[in-house]
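# Just a sequence and a predicted model for now, questions to come.
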Amino acid sequence: MRFPLVTAFNRAAFTAASHRLITLLLIALSLSSCSLMTQLKDTTAAVLHDEVDGTAIESTDNPITAPNKETSAAAVILDSELKEAPTRPFSEQTLYNLLIAELATHEQNFPLAIEKYLIEAQSTLDSGLASHATRLSLYGRDIKAALSSAQLWLQIEPDSEKAAAIYADLLTQSGEALHALDVLESQYTYGRIPNYGVLSQTTLAAGDRQLIELLARLAPLVEQHADHTELIFTYALLLQQNEQHDEALSTLDKVKDLQANPSQAALLRAQLLEKLFDAKTAAKSLSKAIKKQPEERALRLYRAKLLTRFDLEAAEKAFAYLLEDAPNNINLLFSHAVVAHENKHYETARRGFETLISHNQRNTVSHYYLGQIAEQQGESNVAIARYRQVKAGKYFMPATQRLINLQAEQGQLLEARRYLASLRIAIPLQAPNFWALEASLLKAHGQAEEARELLNLAIERFPEQLLLRLERALMSEQLNDFATTESDLRFILSRDPDNVTALNALGYSLSNRVGRYKEALVLVEKAFALRPDDPAIIDSLGWAQYRLGQFDTATKHLESAFEQFPDDEVAAHLIEVYWVNNEKSKARSLIRQFKKQSSDTPKVDEAINRLGISW
């Protein structure tokens, strides 16, 4: 495809009569291209080194990037001066293609410009053209073309430090880190120390063969060049990437002088300490670093995120400090508001969420939290209004549930049901969820039979919806309709054999029915295999084992369940097993302990009366 402006000319006449015009045009375009190169300086670094601004209270596991941006390939491009145009003559075809490329560049038709520059760089083997093709490819985000042109540039000018750095950087980010290392090591031939920092841009996964080989090749270099800070720091970063955290920390400790990159070193050390120890140890390390570098916001932000794991009061203060210099930073506003809410500093949290809404940012989640704050302050109508403004997303269903519960608590059960009916019409894809919410609402307000009738109607409309089947199964069991319970749970398992909730529910139900204990144990054991850390499933497993007379294993599992989830039903199960297994002192001790903790113990009371326990 030719550039339209050029194809409007008669090429033959143009070639014969316009060499002087071409020269003048190229000079003019070269001069005017300063503005374009200014754009290149402003944006090229982002092509290779995009920085993603983390959202509030997100994971702090983001890897540290290259230790020195001034040595990255992108920075080499930014800091390099434009070379003078080559003085040797070009052929007519070359001049013609270069003019097309220049005009295409100024019209921002980068694919055409890159194509023409690369063709002529390959044809003329001119390093200036190869260099320009590389820059333009990066600016146009054509990494494949950038690799080709950078490789050509280095072939033409093998002693070019810039070409080597850019090509190695591109190779690294394209998954060819070993090839990149070869390119870097070639610089020793010209008496230069390579820029090993580009290797830290690799995205190779932990355990990747290439990453392991890269580390193996770098290890002897680290031993040979004990004073090469950048090399050692890059090696530590790659060890971290390969999840060799002990070795990475040990390597970092060997570096005597990291003054060139103190904040990067402090961040890496904190990440390693968090992995090897805990958030508190990492935060303590950052506190020491902040005393030496009080202006480094990255250190303060990482510390604030770590503090949310173990000291919310300190975290709130840390985010407040960061906000002083950036009062409109959306991520900081959100983090500070969330932590303030967790600390029950509701007015502080409210101001933060309202500020976010005034900036039209994080509206949905802000309305959700403002609804919770209004509830805490007894402003039910305000809370309802806030919850109505929560749109689609992960907060929508919780907000809807809170809204209808508030309406029902105000005696507006019918209004709540009408609201759910309107949502079924407005959002038909989520209609089954709204049916289930309505049934739960009715059940919570003493209308279990009506709730089951509602579920019958919903299942007629959505017979394959497992959520509705599960709701009806649980509802039917409470109404002593075990036939429907078993039918619905087996229907779920016929569609989803590994449905842990259905396996556990059916297994537990069967463990309470004489003659079906073995069947119950099979189901619960499968649920336990799928989710071994769930205390509800552990309780079901222990109860089924008790029914089969397996007292030792039953006791072990029920004690484990009670330790994780000390509720009334689990306590009743454990008390019964202790009592029946002639561990009566343990049973009485648990009763006294549990009664001190809670006055509402219907399951424990039932077990005491049924077993005739005097405590």
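Received the coordinates, thanks.

# if I look at the nearest residue to Leu457 once chain neighbours are set aside, how far off is Gly378?
Closest residue in space to Leu457, ignoring its immediate chain neighbours: Trp435 at 8.0 Å, by Cβ to Cβ, 6 or more residues apart in numbering. For glycine as for every other residue, the C-beta is placed from the backbone atoms N, C-alpha and C. Going from Trp435 to Gly378 by Cβ to Cβ, to the nearest Å gives 31 Å.

# For those two, indicate the residue with more neighbours.
Trp435 (24 against 8; other Cβ atoms under 10 Å).

# Surely that one touches Glu453?
No: using Cβ atoms under 8 Å, Trp435 is not in contact with Glu453; the gap is 11.6 Å.

# CA-only coordinates of the helix or strand harbouring Ala572 in CSV, if you can.
Using DSSP states H and E, Ala572 falls within helix 568-580. Taking C-alpha atoms only, helix 568-580 is exported to CSV below (Å, rounded to 0.1, in the frame of the first residue of the first chain):
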residue,chain,number,x,y,z
ASP,A,568,-23.2,-24.6,69.1
GLU,A,569,-23.7,-27.6,66.8
VAL,A,570,-20.0,-28.6,66.7
ALA,A,571,-19.8,-28.3,70.5
ALA,A,572,-22.9,-30.6,70.8
HIS,A,573,-21.3,-33.2,68.6
LEU,A,574,-18.0,-33.2,70.5
ILE,A,575,-19.8,-33.3,73.9
GLU,A,576,-21.8,-36.3,72.8
VAL,A,577,-18.7,-38.2,71.5
TYR,A,578,-16.8,-37.5,74.8
TRP,A,579,-19.8,-38.7,76.9
VAL,A,580,-20.5,-41.8,74.9
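
# got the buried residues for the very next helix or strand once past that helix?
Sequence-wise, the next helix or strand downstream of helix 568-580 (DSSP H and E) is helix 584-597. By 16 or more other Cβ atoms under 10 Å, the buried positions in helix 584-597 come out as 586-588, 590-591, 594.

# tell me the mean pLDDT for helix 584-597?
Across helix 584-597, pLDDT averages out at 94.

# just checking, what packs against that helix?
helix 568-580, helix 602-611 (3 or more Cβ pairs under 8 Å, 6 or more residues apart in numbering; DSSP states H and E).

# Can you pull out the residues in contact with the first one?
The set of residues external to helix 568-580 that reach it, using Cβ atoms under 8 Å, 6 or more residues apart in numbering, is 535, 539, 542-543, 546, 551, 554-555, 558-559, 561-562, 584, 586-587, 590-591, 594, 598, 600-604, 606-608, 611, 613.

# just the last one next, same as before
By Cβ under 8 Å, 6+ apart, the surrounding residues in contact with helix 602-611 are 568-569, 571-572, 575-576, 579-580, 591, 594-595, 613, 615.

# Try it again at 10 Å.
With Cβ atoms under 10 Å, 6 or more residues apart in numbering as the test, helix 602-611 has contacts from 567-576, 579-580, 584, 587-588, 590-591, 594-595, 598, 601, 613-615.

# Among the buried residues of helix 584-597, pick out the one closest to Ser358, please.
Using Cβ to Cβ, Phe594 is the member of the buried residues of helix 584-597 that lies nearest Ser358, at 49.5 Å.

# Who are the contact partners of Tyr395?
Counting by Cβ under 10 Å, 6+ apart, Tyr395 touches 364-369, 371, 387.

# who are the neighbours in contact with the residue nearest to it when sequence neighbours are not counted?
Leaving aside its chain neighbours, Tyr395 sits nearest to Tyr368 (4.3 Å; criterion: Cβ to Cβ, 6+ apart). Contacts for Tyr368 were tallied using Cβ under 10 Å, 6+ apart; they are 353, 362, 386-387, 389-391, 393-396, 398-399, 402.

# May I see the helices and strands packed on helix 584-597 organised as a markdown table, with mean neighbour count, distance to Leu129 and mean pLDDT added?
Shown next, in a markdown table, are those (neighbours: other Cβ atoms under 10 Å; distance: least, Cβ to Cβ, whole Å; pLDDT from 0 to 100):
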| stretch | mean neighbour count | distance to Leu129 | mean pLDDT |
| --- | --- | --- | --- |
| helix 568-580 | 22 | 76 | 97 |
| helix 602-611 | 16 | 83 | 96 |
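
# any chance of those helices in TSV, with distance to Leu530 too?
Listed next are the helices and strands packed on helix 584-597 as TSV, based on distance: least, Cβ to Cβ, whole Å:
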stretch	distance to Leu530
helix 568-580	20
helix 602-611	26
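
# Can you report phi and psi for the residue nearest to Tyr395?
Dihedral pair for Tyr368: phi -60, psi -50, per degrees, to the nearest 10.

# What's the separation between it and Ser511?
Per Cβ to Cβ, Tyr368 is found 39 Å from Ser511.

# Then Ile459?
From Ile459 to Ser511 the distance is 26 Å (Cβ to Cβ).

# And those two? Which one has more around it.
Neighbour count, other Cβ under 10 Å: between Ile459 and Ser511, Ser511 has more, with 24 against 19.

# Surely that one is in contact with Gln550?
No: when contacts are counted by Cβ atoms under 10 Å, Ser511 is not listed as touching Gln550 (12.0 Å).

# where do the contact lists of these two overlap?
When contacts are counted by Cβ under 10 Å, 6+ apart, Ser511 and Gln550 have 521, 542, 544 as shared neighbours.

# Inside strands: which ones of the residues you listed?
Among the shared contacts of Ser511 and Gln550, none falls in strands (DSSP state E).

# Show me the strands in the stretch 101-250 of the chain, by range?
Counting by DSSP state E, counting those that start in this stretch, the stretch 101-250 of the chain forms no strands at all.

# just to revisit the earlier point, could you look up the next helix or strand downstream of the helix or strand hosting the residue nearest to Leu457?
Using DSSP H and E, Trp435 sits within helix 431-444. Using DSSP H and E, the helix or strand that directly follows helix 431-444 along the chain is helix 448-461.

# Run a quick neighbour tally on Leu423.
Leu423, neighbours per other Cβ under 10 Å, totals 19.

# any idea how far it is from Leu181?
The gap separating Leu423 from Leu181 is 58 Å, by Cβ to Cβ.

# which phi and psi does His225 have?
phi -120, psi 70.

# ok, it - contacts?
193, 196, 231-232.

# Please indicate which of these are buried?
196, 231-232.

# Now pLDDT too, for those, in TSV please.
As requested, these are exported to TSV (pLDDT from 0 to 100):
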residue	pLDDT
Tyr196	90
Leu231	89
Ile232	89
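
# How many residues are close by the spatially closest residue to Arg531 that is not a sequence neighbour?
With Cβ to Cβ, 6+ apart as the criterion, Arg531 has its nearest non-adjacent residue at 5.0 Å, and that residue is Val500. Neighbour count of Val500, defined by other Cβ under 10 Å: 17.

# Val500 and Ile537 touch, don't they?
Yes: counting by Cβ under 10 Å, Ile537 is a contact partner of Val500 at 7.2 Å.

# list residues touching both of those two?
Common contacts of Val500 and Ile537 (Cβ under 10 Å, 6+ apart): 526-531.

# which one among these gets closest to Phe277?
Out of those, the member with the shortest distance to Phe277 (by Cβ to Cβ) is Arg531, at 28.6 Å.
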